[in-house]
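> got a sequence here, can you model it:
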Amino acid sequence: MPKHTIEEPFWSLATDEALRLLRTRRSGLREAEVIERRTVFGPNNVPERQTFSLLKILGHQLQSPLILILLVAGATTAVLGETIETSVIFAAVAVNTALGFWQEHKAETVLELLKSYVKTRSRVRRSEREHEIDSSELVPGDIIQVTQGDRVSADARLLFVNNLEVDEAPLTGESLPVEKTTDALPAATLLADRRSMLFSGTLVVGGIGEAVVTATGDASEFGKIATLASTEEEPTPLQKSLSRFARSLLGILAVLILVLFLAGLSAGYGVLEMFLIGVAVAVSVVPEGLPIALTVILAIGVQRLALRRGIVRRLLAAETLGSTSLILTDKTGTLTQAKMELAAVVPVAGSTQELLSAALLHSSATIENPGDPVSQWNIVGRPIDVALMQAAVAEGLPTEKIVHPPEVVNRLPFSSKYKYSGVIVRVGEQYRLILLGAPEVLLGFVRASAREKEELTARIAAQAFMGEKVLGVASRYISSEDQNDILRNHTFSDLSFEGLISFRDPLRPGVSAAIQSIHSAGVKTIMVTGDHQGTAEAIARDLGLIDGKGAVLSGNDLPYLTAQELRGRADKVSVYARVTPEQKLLLTKLYQERGEIVAVTGDGVNDAPALRAADIG
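Have a look, this model is predicted:
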């Protein structure tokens, strides 16, 4: 198979066409094909972050222009036999180098301890047989199966899904799990919206799926981001200032010594005598105490950051942090907690507990230790299901109703096509149909006046505007004879709208106060996220980052703006939503070109290129 095949937009192709291009089949590759493709594409690995050896860390300490000047001066005085001057100069260099080496080596050690190496395994079909292999052995064309809890190990085109949901927050910034489909999408679909694809590094949180591998290693989206992030480190503002100072000092010294040398010769002094005088002047002018003073000051700053649980890898980064004029921050997991919690319960036809009890019948969450006290329950499952059960507990729903809910006699799984799920429960001698899903869809099944529907629609829109995921609950009593036909044919009518339940990704504690403090210090904060524009805008409003719609720009619009137009808008934008890793990198460099000292914060794979390019990240 040609190597360029993996560059095709597989999300836009039908499943059979994707298999044809990849020269594979649903029964899997044969062993000979696997060997051939491993030769062409290599192992499914992405190079890890380079670690620094002791010699390299030592070399960092000797790269300062001032240190280089001191080394030259020390070598010169040593050759001339000036023991005291030589000792003082080399002592200054040694103290500065030792302090810097100790701090950077300590930071590297901590970072190495924080790294976790986990060997992932993948389920693959080859030659009509199922295997479990090391994920590094995957090749394009392999047929893989994924289920809840699996970490996806390669990019792949989905061939089959059953309620498959994937957490793509580390890659795209999407705060909610993405519902996957096998449908072909337009070729221009952005990375975050490619619902017919699986991506390396993401986590399956629900359902099952089967897919054909389309890209591995560096060719995967994860690998491309790793490549973007492998750029050389730029010098810090302090390094640039010291370089300018050193160049100026060298220029002044050169002119001064030349004038002094010529004046001495004209006055009758010997060449050697004037050379010694010139060296003495040079040594006296060089501020040998400056590197030590700077190192001590920066080391104190690093220790203060350590007390606040901050790890500084290079001493000079502490000064850069103090010079920061702009912060570009991710949203999911940085400003927010990257989890779902209940935002509001709005009962329409009954009580809050009745509404939560009805919704809970659709939940797939389980309690691992139901025998323990309620406060110690460990609830696992899809994020929204877990949040729903936690809300039921918080609202005081009786434990018996949570652990032993009414018997579900029939069930309609959630479908992204219909946007709702359904259950039928036995209530005494009757049967009750309960739907949970998109409220705007459920409103089409309920009996209500036009005015009532209009009021509910307005309420739904208001909650969605606040960045919440809104679900509706509707129900009616049915006969036992009708239940199969109703679920099979989706023939729902005359339902009673029970109410609305909304969820949100809550802000991290202290974030609002931190942003206000940063603003008071004269540092601007801009949110740059891969999440949806509505969600990003709602979080920004909560944080006080925006007060008008003009402050938000979508990554969908960036390709249509010229560099000049983008620079013109940069001062007015406080939120960039739906951006790709490449766009985050572009924005970081844009603000640096405008003279900003840029700090980037983020915890996802999609943040890595911008973190690397930033003045501090």
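
> so how far is Ser502 from the residue at the greatest distance from the centre of the chain?
Using C-alpha atoms, centre = their mean, the residue of the chain lying farthest from its centre is Gly268. It sits 71.4 Å away. As judged by C-beta to C-beta, to the nearest Å, Gly268 and Ser502 stand 93 Å apart. Where C-beta positions appear, they are placed from N, C-alpha and C, glycine not excepted.

> Three-state assignment for the nearest residue to Ser475 once chain neighbours are set aside, please.
Closest residue to Ser475 apart from its sequence neighbours, by C-beta to C-beta, 6 or more residues apart in numbering: Ile434 at 4.4 Å. What DSSP: H, G, I helix; E, B strand; the rest coil gives for Ile434 is strand.

> surely Cys467 is within a strand?
Let me fix one detail, which is that residue 467 is Gly and not Cys. No. Using three-state DSSP, the assignment for Gly467 is coil, not a strand.

> quick one: neighbours of it, just the number.
Per other C-beta atoms under 10 Å, the neighbour tally for Gly467 reads 24.

> what score does it have for pLDDT?
Listed pLDDT for Gly467 reads 78.

> could I get the contacting residues of it?
Arg504, Asp505, Gly534, Thr535, Ala536, Glu537, Ala538, Ile539 (C-beta atoms under 8 Å, 6 or more residues apart in numbering).

> got the contact list for the fourth one?
When you say that, I think you mean Thr535. Here Thr535 is in contact with Ser175, Lys331, Gly467, Asp505, Ala577 (criterion: C-beta under 8 Å, 6+ apart).

> secondary structure element holding it?
Thr535 belongs to helix 533-543 when assigned by DSSP states H and E.

> so what's Val441 up against?
Tyr418, Lys419, Tyr420, Gly472.

> that older thread, hmm, which two among the contacts of Thr535 are most spread apart?
Asp505 and Ala577 (14.1 Å; C-beta to C-beta).

> before we move on, back to that, closest to Thr529 out of the contacts of Thr535?
The closest of the contacts of Thr535 to Thr529 turns out to be Lys331 (C-beta to C-beta; 3.9 Å).

> for the stretch 251-400 of the chain, which segments are assigned as strands?
326-329, 341-347, 366-367, 379-380 (DSSP state E, counting those that start in this stretch).

> out of the ones you listed, which gets nearest to Arg411?
strand 366-367 (15.9 Å).

> each with direction, which strands does that closest one pair with?
Within its sheet, strand 366-367 is paired with strand 379-380 (antiparallel), according to DSSP bridges.

> got a list of contacts for the strand it pairs with?
Against strand 379-380 from outside (C-beta under 8 Å, 6+ apart): Ala365, Thr366, Ile367, Glu368, Val386, Met389, Gln390.

> could you check how far the residue nearest to the first one when sequence neighbours are not counted is from Val34?
Meaning Ala365. Using C-beta to C-beta, 6+ apart and skipping residues adjacent in sequence, the residue nearest Ala365 is Gly381, 3.3 Å away. Distance check for Gly381 against Val34: by C-beta to C-beta, it reads 36 Å.

> count the neighbours of Ala394 for me.
Neighbour tally, Ala394, other C-beta under 10 Å: 12.

> residue contacts, the closest residue to Gly396 other than its chain neighbours?
Leaving aside its sequence neighbours, Gly396 sits nearest to Gln353 (C-beta to C-beta, 6+ apart; 7.0 Å). With contact set as C-beta under 8 Å, 6+ apart, Gln353 has these partners: Ala392, Glu395, Gly396, Leu397.

> closest one of the residues you listed to Val161?
Of the contacts of Gln353, the one sitting nearest to Val161 (C-beta to C-beta) turns out to be Ala392, at 28.7 Å.

> residues contacting the residue nearest to that closest one when sequence neighbours are not counted?
Spatial nearest neighbour of Ala392, excluding adjacent residues (C-beta to C-beta, 6+ apart): Leu356 at 4.7 Å. Leu356 sits next to Val345, Leu388, Ala391, Ala392, Glu395, Leu397, Ile501 when contact means C-beta under 8 Å, 6+ apart.

> next secondary structure after the helix or strand Gly207 falls within?
Using DSSP H and E, Gly207 maps to strand 203-215. For strand 203-215, the following helix or strand on the C-terminal side (DSSP H and E) is helix 221-228.

> one step back: any idea which of the strands of the stretch 251-400 of the chain gets closest to Gly209?
Using C-beta to C-beta, the strands of the stretch 251-400 of the chain put strand 379-380 closest to Gly209, at 19.8 Å.

> mean confidence for that closest one?
84.

> now the two most distant members of the contacts of Gln353.
So, the contacts of Gln353 by C-beta to C-beta: farthest apart are Ala392 and Gly396, at 8.6 Å.

> what about the two, which has more around it?
Higher neighbour count among Ala392 and Gly396: Ala392, with 24 against 11, using other C-beta under 10 Å.

> I'd say Ala343 and Ala464 touch.
No. Ala343 lies out of contact with Ala464 (C-beta atoms under 8 Å); the separation is 11.0 Å.
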